[in-house]
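Trainee: How does the following fold in three dimensions:
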Amino acid sequence: MKLYIKYMVSTRCKIAVKDELKKLGLHFIMVDLGVIEIMETITNEKRLLLKQGLQHSGLELMDDKKAILIEQIKNTIVQLIHHSEEVLKINFSNYLAEKLELNYTFKSK
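Mentor: Predicted structure coming up:
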């Protein structure tokens, strides 16, 4: 199950998220900027506890699909600028479309 987290922009944020997941007994497959994947289906109670725990670290669990897409675009840009040695040799719109596996027309709306 994938969950999306707002304001998750650093390694410190990843550590905070991992700590919250461990507190709740949730097992993660992957923790990346703005997105986590957990093995279990999360109950409403645990989702609320995770949301509250993340808020203490300045993070926000997201549910709105539009907000999730916007955050994914922002995190892709942060990743490119701060965490990559890759030189952008293609159109930025094409880069985002490739990284997010969505067509540009959909993202631009």
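
Trainee: what does the domain assignment say about this structure?
Mentor: Following automatic domain parsing, the chain resolves into domains at 2-62, 65-108.

Trainee: So for the last one, mean pLDDT?
Mentor: In other words, domain 65-108. Domain 65-108 carries an average pLDDT of 73.

Trainee: Next one: the spatially most central residue of the chain relative to K2, how far apart?
Mentor: Residue closest to the average C-alpha location in the chain (CA atoms, centre = their mean): G34, at 1.4 Å. Distance of G34 to K2, computed by CB to CB, to the nearest Å: 10 Å. The way it works is simple: take the backbone N, C-alpha and C, and place the C-beta from them, glycine included.

Trainee: can you give me the helices for the protein?
Mentor: With DSSP state H as the criterion, the chain has helices at 11-23, 44-56, 65-82, 92-100, 104-108.

Trainee: Settle this for me: the residue nearest to the centre of the chain is touching Y4, isn't it.
Mentor: Yes. G34 lies in contact with Y4 (CB atoms under 8 Å); the separation is 6.2 Å.

Trainee: Now for those two: what residues contact both?
Mentor: 71-72 (CB atoms under 8 Å, 6 or more residues apart in numbering).
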